[in-house]
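Engineer: Structure for this input, please:
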Amino acid sequence: MVPDTFIYMDHAATAPTHPEVVKAMLPYFTEQFGNPSSLYEIAARSKEAVARAREQVAAALGASPREIFFTSGGTESDNWALKGVAFAHKNKGTHIITTVIEHHAVLHTCEWLEKQGFSVTYLPVDRYGMVDPAAVEEAITDQTILISVMTANNEIGTIQPIAAIGAIAHKHGVLFHTDAVQAVGQVPIDVDAMQIDLLSLSGHKFAGPKGTGALYVRKGVRLDPLIHGGAQERGRRAGTENVPGVVGLGAAIERATRDIPGRAAKIARMRDRLIGKLLEIPHTRLNGHPTERLPNNVNVAFEYIEGESILLLLDAHGIAASTGSACSSASLDPSHVLLACGLPAEEAHGSLRLTLGEETTEKEVERVLEVVPGIVQRLRDMSPLTPPELRTR
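Structural biologist: Residues are numbered from 1 along each chain as shown. Reported below is the predicted structural model:
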């Protein structure tokens, strides 16, 4: 049972579905349950609802509704973008460029493509987790067909220079994909201004339902299907549409992008409060870029202790947090993102990620700041790695 004092600080893992979104979805589970592919009136209502959601997603990205394709989430969208482009363009070239800090939905897909005969360049990042656009341009060859760089990192929150990379890609006639799963609703996105050809997003990251997502595909981009077996999504993604989920995705993205600057400013103030006070703990460092980072992301590393132990003690105080990606939380390996930023493995193990949401309050932030220093000291007192001057006993 969740205690009354429960504080949720893991919105990068998932966000609670907003009541307005749930309300929008409910009729399509019961009264309006028609299959959009059927011909009778109740099916036509479902078809209209899907079309309306497509318009909502398109408006949030500065795209055309015909460029939006619904999926089951960010992982499917990433897989479809990479595999779909790779196989549709293999006669032109077989080289892909990405970065070492991408989500595993991109990295593992690239590894699979390498086994199919494609070559992949994994670009390094600096200590802040930032990729250099000049390095992207230098990696392009006459065989390069796709560049895939995430808009913002899910672990450390660093925002990449997407517009600059998009311009480089188009200058060389290379398609550009970005995984924007963490960025949608946090920062403004305009696919035309940023010269993005394909973009992945996931509903549950911005208070939509789990199991919903979309892939933006610029008009004219050739893309092989990932799922076969039907004519849905204009023949590019088979399977009966998840109408309630699609409706929820549309309602959620419309809410999330309604006032990005205003909401981001409010959340960023609390983020900065957390970062400032946590960095007062000795031998603590901020992971990610100090300014070019998502407004809701805090990631710090405490020397001499294990992040998993921090999480267990925070949970005992009713605080939910993370050490990094929820998709990799069962792994004992240190974060590939933090290692790529130059952290030694032992320091990477001591990371704590706190990610805020629209319902996060200043009172909750202060409670976290009351609890964390004591937990860090308790664990350092127990750790054989802690130097004598940092011990209290």
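
Engineer: Which neighbouring elements make contact with the helix or strand hosting residue 169?
Structural biologist: Using DSSP states H and E, residue 169 sits within helix 162-171. Helix 162-171 sits against helix 133-139, strand 144-148, strand 175-179, with contacts defined as 3 or more C-beta pairs under 8 Å, 6 or more residues apart in numbering; DSSP states H and E. Backbone N, C-alpha and C define where each C-beta goes, glycine included.

Engineer: Spatially central residue in this structure, please.
Structural biologist: By C-alpha atoms, centre = their mean, the chain has its centre lying nearest to residue 182, at 2.8 Å.

Engineer: What ranges does the stretch 51-200 of the chain have for its strands?
Structural biologist: Counting by DSSP state E, counting those that start in this stretch, the stretch 51-200 of the chain has strands at residues 68-71, 95-99, 119-123, 144-148, 175-179, 198-202.

Engineer: Mean pLDDT and mean neighbour count for those strands - can I get that in CSV?
Structural biologist: Output for these, formatted as CSV (pLDDT from 0 to 100; neighbours: other C-beta atoms under 10 Å):
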stretch, mean pLDDT, mean neighbour count
strand 68-71, 98, 24
strand 95-99, 98, 25
strand 119-123, 98, 17
strand 144-148, 98, 24
strand 175-179, 98, 27
strand 198-202, 98, 29
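
Engineer: Nearest to residue 235, out of the ones you listed?
Structural biologist: Residue 235 lies closest, by C-beta to C-beta, to one member of these: strand 68-71, at 10.5 Å.

Engineer: Name the strands paired with the closest one and say parallel or antiparallel.
Structural biologist: Take DSSP bridges as the rule and strand 68-71 pairs in its sheet with strand 213-217 (antiparallel).

Engineer: So what's the gap between the strand it pairs with and the chain middle?
Structural biologist: Computed by C-alpha atoms, centre = their mean, to the nearest Å, the separation of strand 213-217 from the middle of its chain amounts to 14 Å.

Engineer: about what we covered before: which residues touch the residue nearest to the centre of the chain?
Structural biologist: 12, 150, 151, 152, 153, 154, 157, 205, 294 (C-beta atoms under 8 Å, 6 or more residues apart in numbering).

Engineer: who wins for most neighbours among the residues you listed?
Structural biologist: Sorting the contacts of residue 182 by how many neighbours each has (other C-beta atoms under 10 Å) puts residue 153 first, at 33 neighbours.

Engineer: how far away is that one from residue 178?
Structural biologist: According to C-beta to C-beta, to the nearest Å, residue 153 and residue 178 sit 12 Å apart.

Engineer: And residue 255, by the same measure?
Structural biologist: For residue 255 relative to residue 178 (C-beta to C-beta), the value is 22 Å.

Engineer: can you check residue 57 too?
Structural biologist: Distance, residue 57 to residue 178, by C-beta to C-beta: 15 Å.

Engineer: any low-confidence regions in the stretch 151-300 of the chain?
Structural biologist: Within the stretch 151-300 of the chain, the set of residues satisfying pLDDT under 70 is empty.

Engineer: what about residue 112, neighbour count?
Structural biologist: 14.

Engineer: now do residue 92
Structural biologist: Count around residue 92 with other C-beta under 10 Å applied: 12.

Engineer: And it, its phi and psi?
Structural biologist: Phi and psi for residue 92, reported as degrees, to the nearest 10, are phi -90, psi -40.

Engineer: With adjacent residues omitted, what lies nearest to it?
Structural biologist: Counting by C-beta to C-beta, 6 or more residues apart in numbering, residue 92 lies nearest to residue 145, which is 5.7 Å off, once chain neighbours are set aside.

Engineer: how about that neighbour, what does it touch?
Structural biologist: By C-beta under 8 Å, 6+ apart, the neighbours of residue 145 are 85, 86, 89, 90, 92, 93, 94, 95, 96, 174, 175.
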